[in-house]
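S.K.: Compute the structure for the input listed below.
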Amino acid sequence: MSFMSEFKEFAVKGNVVDLAVGVIIGAAFGKIVDSVVNDLVMPVVGRIFGGLDFSNHYIALAGQPAGLPLAEAKKLGAVLAYGNFLTVALNFVILAFIIFLMVRAINRLRREDDAKPAPAPAAPPEDIVLLREIRDSLKKG
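M.R.: Numbering: from 1, shown residues only. Take a look at the predicted model:
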């Protein structure tokens, strides 16, 4: 088998295509979660804590002057950007919770499918039934 035909066989397998679709949808879903956290949740959290914008909270490690925006402070040296970390951590928690809910729903559907009784096996054809009757009568006789 040539290299190209082997690669083609690998690339068009259902699992590889399914994985690619999952990665693309996951990336898009990650952007939605980022938007929910940055545009909806963090402003409310900031408002609760007195109008704080967590994305610009940091601890200067290189002696930067206080009050600089995070981007400018990073240009002047190392910073411990804990506000950005809180935002990313909240993104993770929300994403993990949504995935948990999805897996839970899928497992519930699977359990419902497993709980359904299996369909009764089809009756054997008449010739098989007759052959079994002959076999059983020969065993008795």
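S.K.: how far does the helix or strand bottoming out on mean pLDDT in the chain sit from the chain's center?
M.R.: Ranking every helix and strand in the chain by mean pLDDT, DSSP states H and E puts helix 42-48 at the bottom, with a mean of 79. For helix 42-48, the gap between its own C-alpha mean and the chain's C-alpha mean amounts to 27 Å (Cα atoms, centre = their mean, to the nearest Å).
S.K.: what's the following helix or strand after that helix?
M.R.: strand 59-60 (DSSP states H and E).
S.K.: That next one - contacts with which helices or strands?
M.R.: Strand 59-60 makes packing contacts with strand 79-80 when contacts are defined by 3 or more Cβ pairs under 8 Å, 6 or more residues apart in numbering; DSSP states H and E. Every C-beta, even on glycine, is put in place using the N, C-alpha and C of the backbone.
S.K.: Torsion angles phi and psi at residue 57?
M.R.: Per-residue torsions, residue 57: phi -90, psi 130 (degrees, to the nearest 10).
S.K.: doesn't residue 82 make contact with it?
M.R.: Yes: the pair residue 57 / residue 82 is scored as a contact, 5.9 Å apart, by Cβ atoms under 8 Å.
S.K.: Those two: which is more packed in?
M.R.: Higher neighbour count among residue 57 and residue 82: residue 57, with 17 against 13, using other Cβ atoms under 10 Å.
S.K.: quick one: low-confidence ranges for the protein?
M.R.: Filtered on pLDDT under 70, the chain yields the residue ranges 1, 14, 51-53, 141.
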